[in-house]
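Participant: Build the 3D model from these lines:
(2 chains)
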Amino acid sequence: MQKIYVRELRTILMMVSLILLSWQIAYATESSQIIKKELPRSGKATAPISVSYSVPANVAIGDNVHITVTVKALSDVDNLSLKLIAGENLQMPSGELLKTYGNQLRNSAFSETVTVIPNTEGILYLNVFATGIFNGKKMTSAGAVPINTGTGTRKMLKKSGQIKTDSRGQKVIVMPAEEVKNQTR
Amino acid sequence: MRVKIGLSIMVILIVLAVIAGCGNGGGSSDATPPPAQPTTVVVSGAISFDSVPADKVSGLVYANTIQKPARGIVIEAINAADFSILATTSTDGSGNYSVTVPVNTNIKIRIKAQMLITGTPSWDFQVVDNTNSQSLYVADSTSFDSGTSNLSKSYNLPSGWGGSSYTSTRVAAPFAILDTVYKARSKITTADNTVHFTQLLINWSINNIGTSGDKTLGQIGTSHYDPSAKQLYILGKADNDTDEYDDHIIAHEWGHYFEANFSRSDSPGGSHGPGDKLDPRIAFGEGFGNAFSGMATDDPNYVDTGGSSQATVNLALDLSNSNGDPSSVGWYSEDSVQYILYALYNNLGFSPLYSVFTNQEKTTNSFTTIYSFIAYLKANNPSAVTTINSLLSAKNISTAFVNIWDSSETETNNGSDPKALPVYALVTAGSSTVQVCGNDQFGIYNKLMNRRFIVFQISSTANYTLSISPVTAGGIPNYVLSQSGQEVIAERNNAVSNIQSASGTFTSGIYYAEIYDHRHVNESSATTGEVCFDVTLN
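Facilitator: From the prediction side, this is the model:
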């Protein structure tokens, strides 16, 4: 009876180990996935510059996160430059990055890799500004690279006020109005 | 003893005097009744918001913040105890309001980021937070006792700027957006006071940032009009890109809402800028948006601010001048279109342009381009033809075209590619093959030459086959065939090199189509170069 018990226990332990190992592999795969995207240009008028990036799909607080940003001129350009600035709760140990590429022909592209360290959970952002002078006109394309940190993506969203439901059942976000005193009417 | 008697007489006299006074007021016909206690009082005042000017060199200049009246804004008097609504009104054109409320009641004044009018004309414009279940922004006063006398209560909605960054709630932002909408709406109702605007939600949040993704997280991409949701999305992330004070951006996107609801736009959308050589449909649509921003604000200075402390100018345009590449001037340039439309506004006023947009352009049997718009404008305003032609000439656009397709092929500006003309290739049923060529030399998806236009006429109802065959090896044909803005038949998803055919009974009339190679509109494709197709109609 004792021998059978030990044999069954070994089997159970092996199964549990296999399950744990498969979870580990899955987690490691997911967190090492790289997101590659291009910053949007559809909407209001913007500079003829495309900016794309690659960033890990998910990171943890305190991780050294490597982000590669590529800027491409879609038209001949003078004084092409790229500025990367860490947003709130994001450290950039090397400080903000400013790279200048001078005058470039259409389809010229340049990539920069920076390291950032997230300080809190949520979606943090690396601000991206690509600037150039196109036929004498200076234009900047502004965007941001999202860094998904931890699991609380909605926790970091800021609110402008308290969310309430009014007497008509409509959701409202309540902000404070400042009274203007001593106004002559 | 004498003193005591004297005092007693005095008291008696006093009492008699009092009784006489009471008697006069009580039973006599000369008595005045005491005033009735009021049951309501009037609370009135002015509502203003912090307006931060956008400068074409310095970005947002917080030091020059002024208070502007919040016009046409919904105001509610709320019972502070149970939050029931006691009274509702809207501010007038000077930001003034007045509500009547019960006396001696603890109330709040609620200032809603909403402009609402029922009847004729009518509108309902709301600024909501897309990152918080599209909750409507409101600003509440502290509660106060309404008392028994009329009260003056005025409020300002602050920007939240603390000197070097935002340090408190950005209360003013939704109302700055609505102030621009007020101007845009006024421009429309000045031309047509019977208009009924469809409800518009304007999504703005301090979380709205320049990356695409989940809009409920603020990842809206950029400020834009979403034609499928029929809503506006406006950037608001500080130190990245904010647009609430960039009134021309707000007016431009609201212009797309107007176009979508009262006119028609065949623009394929996508990226665009002042120096681009564009598909003429997006050149017209974006040129209109820019021009309308100047019309709505009566200011040709378009400024888009952003960056750290909002002190960067992302883009500045002078709508009364040329802004783009001098070699990109013509029917494919949004800069050329905005110049022409803004100048037409200054010359003719808004009403003639509004009339074309809401009538002929809405149902035009062609793609919506500068050609369709100008053809109708000239027809409606023959006395303005000379002025119109001078503007077209200034932007290297033919003045001789006589219809919405330029079927006489009068256009000579080919954008430095001879195969860009004619703008519409004329296909004749049963006649010889017509060849159209496209390429991606100016970019992909929505640039000049990505898609080529054809037009044909069916004289009598019969069965026909429209065939599109690759001439260039590996050509991947796709097409969209339309009539008066309605899609007849299309193939948008072909990804192999084959012959595309559209067969069926064609009723008599004029049809038009866009034809393109799949790789010229697919952003993941590598550069392809020129691809030609033979088009026949038999």
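
Participant: now the helices for the chain?
Facilitator: Since you didn't name a chain, this refers to chain A. A:2-32 (DSSP state H).

Participant: should've been chain B
Facilitator: Going by DSSP H, chain B shows helices at B:2-26, B:172-191, B:247-262, B:280-297, B:334-348, B:351-358, B:360-363, B:370-380, B:385-394.

Participant: And those: which comes nearest chain A?
Facilitator: helix B:247-262 (5.4 Å; CB to the nearest CB). Quick note: C-beta positions are derived from backbone N, CA and C, even for glycine.

Participant: Does chain A have contacts with the closest one?
Facilitator: Yes. With CB under 8 Å from any CB of the partner chain as the criterion, chain A is reached by helix B:247-262 at B:Ile249, B:His252, B:Glu253.

Participant: before we move on, the earlier item: ranking the helices of chain B by burial, who's on top?
Facilitator: Greatest average neighbour count among the helices of chain B goes to helix B:280-297 (a mean of 27), per mean count of other CB atoms under 10 Å in any protein chain shown.

Participant: so what secondary structure elements neighbour that one?
Facilitator: With contacts taken as 3 or more CB pairs under 8 Å, 6 or more residues apart in numbering or on different chains; DSSP states H and E, helix B:280-297 sits against helix B:172-191, helix B:247-262, strand B:301-306, helix B:334-348, helix B:370-380.

Participant: same thing but 10 Å
Facilitator: In terms of contact count using 3 or more CB pairs under 10 Å, 6 or more residues apart in numbering or on different chains; DSSP states H and E, helix B:280-297 is assigned the packing partners helix B:172-191, helix B:247-262, strand B:301-306, strand B:312-318, helix B:334-348, helix B:351-358, helix B:370-380, strand B:451-458.

Participant: Now mean pLDDT too, for these, in JSON lines please.
Facilitator: Converted to JSON lines, the helices and strands packed on helix B:280-297 look like this (pLDDT from 0 to 100):
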{"stretch": "helix B:172-191", "mean pLDDT": "98"}
{"stretch": "helix B:247-262", "mean pLDDT": "96"}
{"stretch": "strand B:301-306", "mean pLDDT": "97"}
{"stretch": "strand B:312-318", "mean pLDDT": "95"}
{"stretch": "helix B:334-348", "mean pLDDT": "96"}
{"stretch": "helix B:351-358", "mean pLDDT": "98"}
{"stretch": "helix B:370-380", "mean pLDDT": "98"}
{"stretch": "strand B:451-458", "mean pLDDT": "97"}
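
Participant: quick one, domains of chain B?
Facilitator: Following automatic domain parsing, chain B resolves into domains at B:265-413, B:418-537.

Participant: Can you get me the start-to-end distance on the shortest one?
Facilitator: Which is domain B:418-537. By CA to CA, to the nearest Å, the extent of domain B:418-537 from end to end equals 24 Å.

Participant: can you tell if it touches chain A?
Facilitator: Yes. Domain B:418-537 lies within reach of chain A by CB under 10 Å from any CB of the partner chain, at B:Gln441, B:Phe442, B:Gly443, B:Ile444, B:Tyr445, B:Asn446, B:Lys447, B:Glu523, B:Ser524, B:Thr527.

Participant: wait, which of the residues you listed is closest to chain A?
Facilitator: Using CB to the nearest CB, these come closest to chain A at B:Gly443, 6.0 Å.

Participant: Could you single out the most deeply buried of the domains of chain B?
Facilitator: domain B:265-413 (a mean of 21).

Participant: closest to B:Leu157 out of the helices and strands packed on helix B:280-297?
Facilitator: For B:Leu157, the closest of the helices and strands packed on helix B:280-297 is helix B:172-191, at 4.7 Å, according to CB to CB.

Participant: how's chain A carved up into domains?
Facilitator: A:1-32, A:36-157.

Participant: B:Ala526 contacts A:Asn107, correct?
Facilitator: No. If you go by CB atoms under 10 Å, B:Ala526 and A:Asn107 don't touch, sitting 11.6 Å apart.

Participant: and B:Gln67, how many neighbours?
Facilitator: 17 (other CB atoms under 10 Å in any protein chain shown).

Participant: Chain A versus that one, what's the distance?
Facilitator: To chain A, B:Gln67 is 8 Å away according to CB to the nearest CB, to the nearest Å.
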